[in-house]
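Student: my questions are about this predicted structure, shown below with the sequence.
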Amino acid sequence: MALSASNLNVGDTYTECLVEDLKRTQIVQYAGASGDYNPLHTDEIFTVEVAKYPSVFAHGMLTMGMTGRMLTNYVGDGRLTKYGVRFTSQVWPGDTLNSTATVESVEDGIVNLKVETTNQDGSMVLSGYAAAKVD
Amino acid sequence: MAVEKFPVEGSHIMMFARSVGDDNQIYYDEDHAKGTEPGKVIAPPTFAQSSAQFDPSYFLRPKVGEDWFGSGGSPTGVKREASGGGGGGGGLHAEQHFEYHRHVSPGDVLTATVKPGKSWEKEGKRSGKLMFSETITEYRDQSGELVITARGVGVRTERPVDA
């Protein structure tokens, strides 16, 4: 279900809700799968008392991974050629995230996308780009 | 992180996909995957980051016989110079970029080699001075072909970022 260049226009958007009310357990799941066991993400006592953050927070790579799901759902399996992001704000347990891809250009069989993920307050938590092969 | 041997395995891909809330069958169901364009199970786009599992000295994994800086019944007081971040030089993860030369599948055995990139400083509004450092990781397959190029940027801050 790849995209077709002839059906794409600059400015087209695709949006998905990535997560509602992010659970601490999902952050633990990501720690286990990725191998990044930094206590800042899973250990409330360490994070609040030692590191002085208000609570544990998500790995940036969890947000990038969930945003990647939006991208592959849009462009199709195995079609991404580039994907890069900046982590612009932290993501906390309880956050609800929405992510949008916007078509910036279509040329030579490649679609270039702007990628933005925001939280329930409308604050951007991730901004980046992706490129994918289209038919 | 430099890794000599990163075997890409189906169950690891399945667990990784679950952790990012992705139930696409191409990440766990071989029969389904046969009917897709790639024709086989592939890894999700950010899976290469889990090469940390195969880095014997990865500093954000508790190791047998070594002190761990996370809490037990109470904080342990064990200090880490930098408290983490997948981006490279410690601290928090500021940026991550991937270039896919091809998508990896179960059965691939990757190596990861790391080259230091640029480093720079910036004055931050919320956390004092920000010190950025970049690392470039090249993932190659069992034939020595470059499959993924990753560029991570880590940032260290003078104080915790305000929420």
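Tutor: Arrived safely, thanks for sending.
Student: ok, residue A:86 touching residue A:125?
Tutor: No: between residue A:86 and residue A:125 there is no contact, the gap being 10.1 Å when judged by CB atoms under 8 Å. Bear in mind the C-beta positions are built from the backbone N, C-alpha and C, glycine included.
Student: compare these two and say which is more crowded by neighbours.
Tutor: residue A:125 (24 against 16; other CB atoms under 10 Å in any protein chain shown).
Student: who touches the nearest residue to the more buried one once chain neighbours are set aside in this structure?
Tutor: Excluding the flanking residues, the one nearest residue A:125 by CB to CB, 6 or more residues apart in numbering or on different chains is residue A:89, at 4.7 Å. Residues in contact with residue A:89 (CB atoms under 8 Å, 6 or more residues apart in numbering or on different chains) are A:119, A:123-125.
Student: could you dump those residues into a markdown table and include secondary structure and distance to residue A:46?
Tutor: As requested, the contacts of residue A:89 are arranged in a markdown table below (DSSP: H, G, I helix; E, B strand; the rest coil; distance: CB to CB, whole Å):
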| residue | secondary structure | distance to residue A:46 |
| --- | --- | --- |
| A:119 | coil | 24 |
| A:123 | coil | 25 |
| A:124 | strand | 28 |
| A:125 | strand | 23 |
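Student: from these, list the buried ones, please.
Tutor: For these, burial is judged from neighbour counts taken by 16 or more other CB atoms under 10 Å in any protein chain shown, and it is met by A:119, A:125.
Student: out of the contacts of residue A:89, which two sit at the greatest distance?
Tutor: Considering CB to CB, no two members of the contacts of residue A:89 lie farther apart than A:119 and A:124, which are separated by 8.2 Å.
Student: ok, residue B:120 - how many residues close by?
Tutor: Neighbour tally, residue B:120, other CB under 10 Å: 11.
Student: can you show me the CA trace of the helix or strand harbouring it as PDB?
Tutor: In this assignment (DSSP states H and E), residue B:120 forms part of strand B:109-124. Listed next in PDB are the C-alpha coordinates belonging to strand B:109-124 (Å, rounded to 0.1, in the frame of the first residue of the first chain):
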ATOM      1  CA  VAL B 109      23.900 -10.100  11.600                       C
ATOM      2  CA  LEU B 110      25.000  -6.500  11.900                       C
ATOM      3  CA  THR B 111      28.100  -4.800  13.200                       C
ATOM      4  CA  ALA B 112      28.000  -1.200  14.300                       C
ATOM      5  CA  THR B 113      31.100   1.100  14.200                       C
ATOM      6  CA  VAL B 114      31.000   4.500  15.800                       C
ATOM      7  CA  LYS B 115      32.800   7.700  14.600                       C
ATOM      8  CA  PRO B 116      32.700  10.900  16.700                       C
ATOM      9  CA  GLY B 117      31.100  13.800  14.900                       C
ATOM     10  CA  LYS B 118      31.000  17.500  15.700                       C
ATOM     11  CA  SER B 119      30.600  19.100  19.100                       C
ATOM     12  CA  TRP B 120      29.300  22.500  19.900                       C
ATOM     13  CA  GLU B 121      27.800  24.700  22.800                       C
ATOM     14  CA  LYS B 122      24.800  26.900  23.100                       C
ATOM     15  CA  GLU B 123      23.200  29.000  25.800                       C
ATOM     16  CA  GLY B 124      19.800  27.400  26.800                       C
END
